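J.: Quick check, what structure comes out for this input:
(one chain, ligands or ions: 1)
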Amino acid sequence: MKTLILASSSPRRKELLENLQLTFEVSSSDVDESYDPKLTPEEIVMELAFRKASFVSQKHPSAYVLGSDTVVVAGNEVLGKPQEKSDAFQMLKKLSGSTHSVYTGVAITRENESIKFFEKTDVTFWELTEDEIHGYIQTGEPFDKAGGYGIQGFGSMLVKEIKGDYFSVVGLPVSKTARELKKLGFDLPF
Ligand SMILES: Cc1cn([C@H]2C[C@H](O)[C@@H](COP(=O)(O)OP(=O)(O)OP(=O)(O)O)O2)c(=O)[nH]c1=O
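T.: Got it, this is the predicted structure:
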């Protein structure tokens, strides 16, 4: 019997993985999320996903551990989570009226083995007025989310167009993850 552990404190990642009807445990990982600024966005998200999975792997050596990380890339700037209202305002102002990319990396580790992959989704925002940005920040939604918005919540009102995997923007590329878990021998619904 294979054991799967989701190395995440994100309720959204748990919900997304539940789509696959697998039995899994959840264990949050407390890792340093700093990275070498010379890395590409895909390298950053796969490295951080690997760090999260490895942290939990140490305590559960025989389990398969899945870690994930999401960043938003606008121009050549990598945006994580805003710390305060002024960060959120600057991020949303940058995203207004243009297209940015959301990268989510996934790592699945077991003992000394690991697989890593990523998904890139392009999201286009409407031109936002300063009032709209302030109003959105007042909802409190930006603060635990990369780029300062949640496409699954009130943030849906900011989005004009999306190209790629919606679920990856929310934090887990579900279909790529399902395919990889299947290759590893997990029993998926089909
Ligand atoms: C762009 C975007 C991001 N996000 C979320 C996904 C991630 O949870 C979060 C980015 O932070 P992450 O560091 O990737 O993840 P996390 O700290 O929430 O959870 P953990 O490290 O414990 O797994 O932003 C949304 O929920 N909706 C969105 O539209």
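J.: and the longest helix for this structure?
T.: Secondary structure of the chain per DSSP state H: the longest helix is helix 41-59.
J.: in it, what's buried?
T.: Across helix 41-59, burial judged by 16 or more other C-beta atoms under 10 Å covers 41-57. Placement of C-beta: from N, CA and C, glycine included.
J.: Give me the next element, helix or strand, following it.
T.: Counting by DSSP states H and E, the next helix or strand C-terminal to helix 41-59 is strand 64-74.
J.: quick one, strands of the protein?
T.: Taking DSSP state E, the strands of the chain run over residues 4-6, 25-26, 64-74, 77-79, 99-110, 113-125, 159-163.
J.: Of those strands, which is nearest D87?
T.: Closest to D87 of these, according to C-beta to C-beta: strand 77-79, at 9.0 Å.
J.: what lines up beside the closest one in the sheet?
T.: Next to strand 77-79 in the sheet, as set by DSSP bridges, lie strand 64-74 (antiparallel).
J.: now the angle between helix 41-59 and the partner strand, please.
T.: 150 degrees (axes from the mean of the first three to the mean of the last three C-alpha atoms, to 10 degrees).
J.: For the remainder of this discussion, apply numbering that starts at 42.
T.: Got it, the first residue is 42 from now on, which makes the last one we talked about strand 105-115.
J.: average model confidence for strand 105-115?
T.: In this model, strand 105-115 has a mean pLDDT of 98.
J.: Could you do stretch 63-72 as well?
T.: Computed over stretch 63-72, the mean pLDDT rounds to 96.
J.: roughly how far is the longest helix of the chain from the heart of the chain?
T.: From the chain centre to the centre of helix 82-100 is a distance of 12 Å (C-alpha atoms, centre = their mean, to the nearest Å).
J.: Contacts for stretch 90-109 next, please.
T.: With contact meaning C-beta atoms under 8 Å, 6 or more residues apart in numbering, stretch 90-109 is reached by 43-49, 51, 54, 58, 65, 68, 70-74, 89, 110, 145-152, 155, 157, 212-213, 218, 225, 227.
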